[in-house]
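In: show me the folded form of this:
(one chain, ligands or ions: 2)
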Amino acid sequence: MAKKKLTGFLAASGEAKGWKDIPEGGLIIKAGNSEEYYTGGWRTFRPLVDKKRCINCMQCWIMCPDSCIYAENGNMEGFDYNHCKGCEICALICPIKCIKMVKESEFDESDNNYDERGRTTTIEINEKK
Ligand code: SF4
Ligand code: SF4
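Out: Ligands and ions are numbered 1, 2, ... in the order given. Purely as a prediction, here's the structure:
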């Protein structure tokens with residue numbers, strides 16, 4: 001019989017589990033394993049950041065409920081799309097509104113203005129409402 005093609009989380013994790021392999025009640029029996037799960041597949045909206053305007057205040061890093069903001073040498077360095085769920089908190093908290101949310105279905109992966117972490121230095125993002 002042909003092997004069924006895996007999608008979503010199963011494709012990312014590379015393993016398919018049957019119901020007998022899942023702990024009773026769906027309990028999480030291993031601490032600190034959230035990094036192993038590809039929860040970014042739930043996302044409807046994708047955050048993007050204008051790194052020319054960003055002042056590295058790190059408010060987004062503090063407030064992201066999923067620790068999806070990369071921080072390097074005191075700078076905000078984009079988003080971890082494997083775990084970001086697109087909740088928009090970072091965009092709402094950003095004091096200068098240099099984060100915008102776009103629909104995943106409308107985002108063009110081949111758009112060279114953004115790198116793999118959703119950073120741009122060529123497009124101005126100013127989401128003042
Ligand atoms: S959209 Fe939500 S989960 Fe994604 S980086 Fe922003 S605050 Fe974090
Ligand atoms: S909240 Fe806005 S200005 Fe502050 S680090 Fe994040 S993206 Fe940059």
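In: please enumerate the helices of this protein.
Out: Using DSSP state H, the helices found in the chain span residues 8-13, 59-63, 89-93.
In: got the contact list for the last one?
Out: Meaning helix 89-93. With contacts defined as Cβ atoms under 8 Å, 6 or more residues apart in numbering, helix 89-93 is touched by 47, 59-60, 63-65, 69, 79, 97, 99-101, 127. Just so you know, the C-beta spots here come from the backbone N, C-alpha and C atoms, and that holds for glycine as well.
In: quick one: it near ligand 1?
Out: Yes: residues of helix 89-93 contacting ligand 1 under Cβ under 6 Å from any ligand atom: 89-90.
In: buried ones among the contacts of helix 89-93?
Out: 47, 59-60, 64, 69, 79, 99-101 (16 or more other Cβ atoms under 10 Å).
In: what's the neighbour count on the closest residue to E35 other than its chain neighbours?
Out: Spatial nearest neighbour of E35, excluding adjacent residues (Cβ to Cβ, 6 or more residues apart in numbering): H83 at 7.5 Å. H83: 18 surrounding residues under other Cβ atoms under 10 Å.
In: was I right to think H83 contacts T39?
Out: Yes: assessed by Cβ atoms under 8 Å, H83 is found in contact with T39 at 5.3 Å.
In: who touches both of these two?
Out: D66.
In: got the confidence number for E35?
Out: With respect to pLDDT, E35 scores 77.
In: surely K100 is in contact with L48?
Out: Yes: checked against Cβ under 8 Å, the pair K100 and L48 is within contact range at 5.5 Å.
In: overlap in contacts, those two.
Out: Joint contacts of K100 and L48 (Cβ under 8 Å, 6+ apart) are I125.
In: can you report how many residues neighbour A71?
Out: 15.
In: I'd say it and C60 touch.
Out: No: counting by Cβ under 8 Å, A71 stays clear of C60, with 9.6 Å between them.
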